[in-house]
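1. Coordinates only, no sequence provided:
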């Protein structure tokens, strides 16, 4: 038989084909995006970690769906409306929902934090991320990490922002926490989650605003690779010794916890003698619980500050916490010093046996240890009673997760069905299918969040840019 007009020829997927990728549950627009196919060996679907956040995906066995548009019209629609680079900015909060994660943030943070590399190594790094023009790289034997990063930036790009460790006052901010880029040159500060991260990357949002989607996604890809490549060359290891503290810090933590326990004992004594002043609208028992929680939380925060001040800033665990790549200083404090008060629905743990939480304690015991305060850190190990209290709150959060998921899913379904025929008409009103007016202006202000500034307006940046 010969080929006839109208025959359908089927072929395998090829590099560059358009595909729609989806992960259930599809809770927002970015749960379904258009990607370009890259055919690889193996039987798993692979994707860049930078786009995990919109899908809420991770790599622990997630299942995803791949749809291949069959007609030219469908392919064109997918490219124009659904391509990843068109979904860079979130409709909910106006910042980049696609950005650097974990190792990419740690790598760029370390590269930009007063580190320098040989020029040959810098060229090797930039070549690995796809840079071919090295004219922006200074011609000297050793170049700063900031100069390497500057090669990726557009020549006329200006940016002023704050890193995670900045307290937002430029007078107090040292040069490493105030991020400044002038005419495409990285002058001061460090690259961390605030500038590059998903759901917070202010620099990425500004680049998208000025240069558009294609340059933004290209730059993001190169910045992501730069962080990974830098870590590959210097090594990045998290060790148990990262949580070691000097003896002076351990003594300070023990002293703070002992003082907190004395304060709590004093409050319990006042309560039993009827001398405790009750808060307005609260019973004496409720007042005691609130005062005890306040004292214990203050003690835990103080131990956290001690850990932050005494932990070695060069350890990779500390770098992860400070850059926002993974975890935070509270996690480090809970490992090294004190886990703190375990709370159930905002209160100290009360339920258990009659007049006591566990059989380890006397009836009527109101001490911190008897109501869920864990004074040890995870590294130093917990007592049996502390382990029980930790398990209680762990199980509570597990139940909460299991019960909340179907509730939110059903709420979303009802909202989607109720609002599926609402649209903005040409006169800017929001109407339903029968042309009834729901709102005279979308959101009462007509603002598209994905194209607006998030938070307080940065007047200095606007003046500097113009």
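-> Noted; the coordinates are in hand. What you see is a predicted model; the values in this text were computed from it and never measured.

2. which one's the longest helix in the chain?
-> Counting by DSSP state H, the longest helix found in the chain is helix 384-419.

3. What's the separation between the residue found closest to residue 230 once you drop the neighbours it is linked to in the chain and residue 319?
-> Counting by C-beta to C-beta, 6 or more residues apart in numbering, residue 230 lies nearest to residue 107, which is 4.3 Å off, once chain neighbours are set aside. C-betas here are computed from N, CA, C, even on glycine. Distance, residue 107 to residue 319, by C-beta to C-beta, to the nearest Å: 10 Å.

4. do the same with residue 161
-> 20 Å.

5. More neighbours: these two, which one.
-> residue 319 (21 against 18; other C-beta atoms under 10 Å).

6. helices or strands up against the helix or strand containing that one?
-> Assigned by DSSP states H and E, residue 319 belongs to helix 316-323. Other helices and strands packing on helix 316-323, by 3 or more C-beta pairs under 8 Å, 6 or more residues apart in numbering; DSSP states H and E, are helix 102-112, helix 329-336.

7. Relative to residue 268, which of those helices is closest?
-> helix 329-336 (25.6 Å; C-beta to C-beta).

8. Could I get the buried residue list for the closest one?
-> Using 16 or more other C-beta atoms under 10 Å as the test for burial, helix 329-336 gives 331-336.

9. how far off helix 316-323 does that helix point, in degrees?
-> 150 degrees (axes from the mean of the first three to the mean of the last three C-alpha atoms, to 10 degrees).

10. which helices and strands does helix 329-336 pack with?
-> helix 284-310, helix 316-323.

11. let's see 6 Å
-> The contact analysis (3 or more C-beta pairs under 6 Å, 6 or more residues apart in numbering; DSSP states H and E) places helix 329-336 against helix 284-310.

12. List the buried residues in stretch 405-419.
-> Buried residues in stretch 405-419, counting neighbours by 16+ other C-beta under 10 Å, are absent.

13. where in this protein is pLDDT low?
-> 1, 166-175, 454-458, 460-466 (pLDDT under 70).

14. residues of stretch 122-141 that come out buried?
-> Quick answer for stretch 122-141 (16+ other C-beta under 10 Å): 122-123, 125-126, 128-129, 131, 136-137.

15. again, but for stretch 261-275
-> 261, 263-264, 267-268, 271.

16. Using CSV, lay out those residues together with secondary structure.
-> Output for the buried residues of stretch 261-275, formatted as CSV (DSSP: H, G, I helix; E, B strand; the rest coil):
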residue, secondary structure
261, helix
263, helix
264, helix
267, helix
268, helix
271, helix
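
17. could you pull out the helices for the stretch 1-150 of the chain?
-> 52-55, 72-77, 102-112, 119-128, 145-150 (DSSP state H, counting those that start in this stretch).

18. roughly how far apart are the nearest residue to residue 299 once chain neighbours are set aside and residue 104?
-> In this structure, residue 299 finds its nearest non-sequential neighbour in residue 260, 3.5 Å apart by C-beta to C-beta, 6+ apart. Applying C-beta to C-beta, the value for residue 260 to residue 104 is 40 Å.

19. what do you get for residue 210?
-> Where residue 104 is concerned, residue 210 sits at a distance of 22 Å (C-beta to C-beta).

20. and these two? which has more neighbours close in?
-> In this view residue 210 and residue 104 are compared by other C-beta under 10 Å, and residue 104 has more residues nearby, 26 against 15.

21. so who does that one touch?
-> For residue 104, the contact set (C-beta atoms under 6 Å, 6 or more residues apart in numbering) comprises 224, 227-228.

22. Pull the most distant pair out of the buried residues of stretch 122-141.
-> Every pair of these checked by C-beta to C-beta; the farthest is 128 and 136, at 16.7 Å.

23. So the nearest residue to residue 101 once chain neighbours are set aside versus residue 366, what's the distance?
-> Closest residue to residue 101 in three dimensions, ignoring its sequence neighbours and counting by C-beta to C-beta, 6+ apart: residue 49, at 5.3 Å. Computed as C-beta to C-beta, the residue 49 to residue 366 distance reads 48 Å.

24. where exactly do the strands run in the stretch 1-150 of the chain?
-> Taking DSSP state E, counting those that start in this stretch, the strands of the stretch 1-150 of the chain run over residues 18-22, 32-36, 65-67, 116-118, 142-144.

25. Redo those as JSON lines? Include mean neighbour count and distance to residue 277.
-> Below are the strands of the stretch 1-150 of the chain laid out as JSON lines (neighbours: other C-beta atoms under 10 Å; distance: least, C-beta to C-beta, whole Å):
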{"stretch": "strand 18-22", "mean neighbour count": "17", "distance to residue 277": "59"}
{"stretch": "strand 32-36", "mean neighbour count": "19", "distance to residue 277": "58"}
{"stretch": "strand 65-67", "mean neighbour count": "13", "distance to residue 277": "61"}
{"stretch": "strand 116-118", "mean neighbour count": "16", "distance to residue 277": "60"}
{"stretch": "strand 142-144", "mean neighbour count": "17", "distance to residue 277": "59"}
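
26. Residue 249 is nearest to which of those strands?
-> Once the strands of the stretch 1-150 of the chain are compared by C-beta to C-beta, strand 116-118 is nearest, at 31.2 Å.

27. For that closest one, which strands pair with it and how are they oriented?
-> Here strand 116-118 has these sheet partners by DSSP bridges: strand 142-144 (antiparallel).

28. And for the strand it pairs with, what's in contact with it?
-> By C-beta under 6 Å, 6+ apart, the residues outside strand 142-144 that reach it are 116, 118-119, 122.

29. Nearest to residue 92 among those residues?
-> Looking at the contacts of strand 142-144 and their distance to residue 92, the nearest is residue 122, at 38.1 Å (C-beta to C-beta).
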